[in-house]
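generate coordinates for the sequence data below:
(chains A and B)
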Amino acid sequence: MASIPVDSMEPDVEWQQRHSAVTRLTHWVRVVALACLMMSGLQIFNAYPRLHWGNIGSDHDSAWLEIGAMNGRGMVRAGNLEIDTTGLLGLSRQDGATEMKAFPGWATLPATRDLASARRWHFFWAWVFVINGLIYLAVEFASGRFRLRMFPSRDELAPAHLMNEIVSHAGLKFPKGEGARTYNVLQKIAYLAVLLGLLPLMVLTGLTMSPSFSATLPLAELFGGRQSARSLHFITMWLLVGFVLLHVGLVMLAGAWNLLRSMVTGRFAIRKGVY
Amino acid sequence: MDVSRRSILLGSGLLLTGCDGASRDPRVLKLLSSAEGLTMGAQRLVGRNALATEFDAGEISPRFKANGNIDPTTPRYLAQRRTGFADWRVVVDGLVDRPLSLSLSDLTRMPQRTQITRHDCVEGWSAIGQWTGPVLGPILQAAGVKSTARYAVFHCADSFGTSPYYESVDMVDAFHPQTILAHRLNGEPLPVGNGAPVRLRVERQLGYKHAKYVERIELRDTLAGVGRGKGGYWPDRGYEWYAGI
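The predicted structure follows:
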């Protein structure tokens, strides 16, 4: 993170080389891969829009979550709770026709019912995602940057400091000056949870559904069965959607242009001041 | 800020509609399909001879779902069904030294394997059942598979419209110790919905590979020339030939 001399045109700004080329490139590959994985995944879900716990689960077994259509209405059923979702889930309109499908065409890849192509999309981008992620982790760990930038210090994890950060985040106050050079502790925790938690969990629960990989690795036992793995894959996907919404929202609020530029060119403007 | 927000929305909109347009392009699908070889290579690398998990009797599904063709109506099948499949034959031919024609009693007199395994459908559901039947490997050995054979093609008595169902596996899966010609499910003769009188079990792949109503096992050096040449009814229609994931 070498400092670049103060820009003569903007005396209040100091430039920081914020992200390595590998971080930037793998970030955007990850964005494309996750978008394709999610949308093709929703199409795959549509082929059997019911979720179970345990190893088994088919039409003959009870589901904890089900998206379907009944009596001309689209419905989501979770346990005893039924929610009418006509128009969005279970029953939606596409190209002027009413379609009975769990997720609507605009959210899936391909848009029309096509499990075979969706699987091709899903597994291609799964490979891209995994190879991309391994390159990122290998390079960033080997250089020591991952540790330096992502791991919170003991001081940062002190309850008083954590409370302080939560309060300033809730007030949408974002640091300037020296405080903007590094990730704050909430960012570190969120990024670690996603990069070392949710994303690997996606890969592992995905592999658990593979009859071949599950013959080799005892993953089904780890997650409580193949259908549990499918449920966890689905839930984790929504946690990732939540993270992305939060992440993009905070980027917008904290300075979209500066942050976006830093993830494209690497250059990040540090403005003087504290907040 | 507004400019970049708009460009993000526009960019992601273009990306997504672009993906959907591309999803119908055969060249794109061909590129995407290259992942199948990677998946198969990886699975063969880490677990070429791995055994599928076998379960306890208590874990068997109360009802085993029947899927695909569950009630074949070809005249030949109906005639066989009326006589309790008394004259059913499983022919083993193609690239073999000694073609075989096996009756059901031939199959049941051979050493039997019983396995409780999980059936994973490509749609996403799973069921656990107990399957009984002779291991395919020794049958192929008895027929004397020629060294040029690369695939075992399973010809079935059911069809979708006029397209007969068929499937194929390579020699690794054909000679896998859990690959059996099952004639019993949960201790009972195989129900019609699940492939009576005999179906393939190839435990480390998805359900559509487990050909039902098997009449003929043809050893071949190529998949070209059968169906549309992709090695199976569903592979001919876009699904992976290697269905390990």
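
C-alpha from now on. contacts and neighbour counts both.
Will do.

where does pLDDT dip in chain A?
By pLDDT under 70, the weakly predicted segments of chain A are A:1-11, A:274-275.

gap between the residue nearest the centre of it and A:His169?
Taking C-alpha atoms, centre = their mean as the criterion, A:Leu240 is the residue nearest the geometric centre of chain A, at 3.0 Å. Note on A:Leu240: its distance to A:His169, by C-alpha to C-alpha, to the nearest Å, is 20 Å.

give me the neighbour count for the closest residue in space to A:Phe146 that isn't next to it in sequence.
Spatial nearest neighbour of A:Phe146, excluding adjacent residues (C-alpha to C-alpha, 6 or more residues apart in numbering or on different chains): A:Glu140 at 5.1 Å. As a burial measure, A:Glu140 scores 18 neighbours (other C-alpha atoms under 10 Å in any protein chain shown).

what sits against B:Val202?
B:173-174, B:178-180, B:209-210 (C-alpha atoms under 8 Å, 6 or more residues apart in numbering or on different chains).

low-confidence ranges, chain B, go.
In chain B the weaker segments, taking pLDDT under 70 as the threshold, are B:1-20.

please enumerate the helices of it.
Ranges of helices in chain B, per DSSP state H, are B:2-22, B:26-32, B:34-47, B:75-82, B:104-109, B:136-143, B:171-174.

what helices or strands is the second one leaning on?
Okay, so that is helix B:26-32. helix A:115-142 (3 or more C-alpha pairs under 8 Å, 6 or more residues apart in numbering or on different chains; DSSP states H and E).

run through who's touching the next helix or strand after the helix it packs on.
As assigned by DSSP states H and E, the chain's next helix or strand after helix A:115-142 is helix A:145-150. Here helix A:145-150 makes contact (C-alpha under 8 Å, 6+ apart) with A:137, A:140-141, A:182-183, A:188-189, A:191-192.

need the contact list for B:Phe85.
B:104, B:197.

so it versus chain A, what's the distance?
Note on B:Phe85: its distance to chain A, by C-alpha to the nearest C-alpha, to the nearest Å, is 28 Å.

identify the residues contacting B:Ala143.
Counted by C-alpha under 8 Å, 6+ apart, B:Ala143 has contacts B:92-93, B:96-100.

could you report the neighbour count for the spatially closest residue to it that is not a sequence neighbour?
Computed as C-alpha to C-alpha, 6+ apart, the closest residue to B:Ala143 that is not its neighbour in sequence is B:Arg98, at 4.8 Å. The tally of other residues near B:Arg98 (other C-alpha under 10 Å) stands at 16.

equivalent analysis for A:Ser62, please.
The criterion is other C-alpha under 10 Å. On that basis, A:Ser62 has 14 neighbouring residues.

how about the nearest residue to it once chain neighbours are set aside, what does it touch?
In space, and not counting its chain neighbours, A:Ser62 is closest to A:His52: 7.2 Å by C-alpha to C-alpha, 6+ apart. Neighbouring residues of A:His52 by C-alpha under 8 Å, 6+ apart: A:62-65, A:227-228, A:230-231.

chain B contacts on the stretch 151-275 of chain A?
Residues of the stretch 151-275 of chain A found near chain B (C-alpha under 8 Å from any C-alpha of the partner chain) are A:207, A:209-216, A:226-227, A:252, A:255-257.

in strands, which of the contacts of B:Val202 appear?
B:Ile180 (DSSP state E).

write the ChimeraX selection for whichever of the contacts of B:Val202 are buried.
Of these, the buried ones go into a single ChimeraX selection, burial set by 16 or more other C-alpha atoms under 10 Å in any protein chain shown:
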select /B:173,174,178,179,180,209,210
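
so which of the contacts of B:Val202 also contact chain A?
By C-alpha under 8 Å from any C-alpha, no member of these lies near chain A.

now, the most widely separated pair of the contacts of B:Val202?
B:Gln178 and B:Lys209 (13.9 Å; C-alpha to C-alpha).

residues near residue 68, how many?
Answering for chain A, as no chain was given. Neighbour tally, A:Gly68, other C-alpha under 10 Å: 22.

I was after chain B.
Neighbour count of B:Gly68, defined by other C-alpha under 10 Å: 13.

distance across stretch B:142-159, terminal residue to terminal residue?
Stretch B:142-159: ends 29 Å apart by C-alpha to C-alpha.

and it, what's buried?
Here stretch B:142-159 shows B:143-146, B:149-159 as buried, counting by 16+ other C-alpha under 10 Å.

tell me where chain A has helices.
Using DSSP H, the helices of chain A run over A:21-47, A:115-142, A:145-150, A:159-170, A:185-192, A:199-208, A:213-216, A:219-223, A:226-264.

relative to B:Leu200, which of these is closest?
Closest among the helices of chain A, using C-alpha to C-alpha: helix A:213-216, at 18.0 Å.

packing partners for that closest one?
helix A:199-208, helix B:34-47.

wait, does the last one contact chain A?
Yes - using C-alpha under 8 Å from any C-alpha, helix B:34-47 reaches chain A at B:34-36, B:43, B:46-47.

kindly present those residues as CSV, with separate columns for neighbour count.
Formatted as CSV, the residues of helix B:34-47 next to chain A follow (neighbours: other C-alpha atoms under 10 Å in any protein chain shown):
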residue, neighbour count
B:Ser34, 13
B:Ala35, 21
B:Glu36, 19
B:Gln43, 20
B:Val46, 13
B:Gly47, 16
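
can you tell me how far B:Gln178 is from A:Pro200?
Applying C-alpha to C-alpha, the value for B:Gln178 to A:Pro200 is 31 Å.

please apply the same query to A:Phe234.
14 Å.

who's more crowded, these two?
Per other C-alpha under 10 Å, whichever of A:Phe234 and A:Pro200 has more neighbours is A:Phe234, with 19 against 15.
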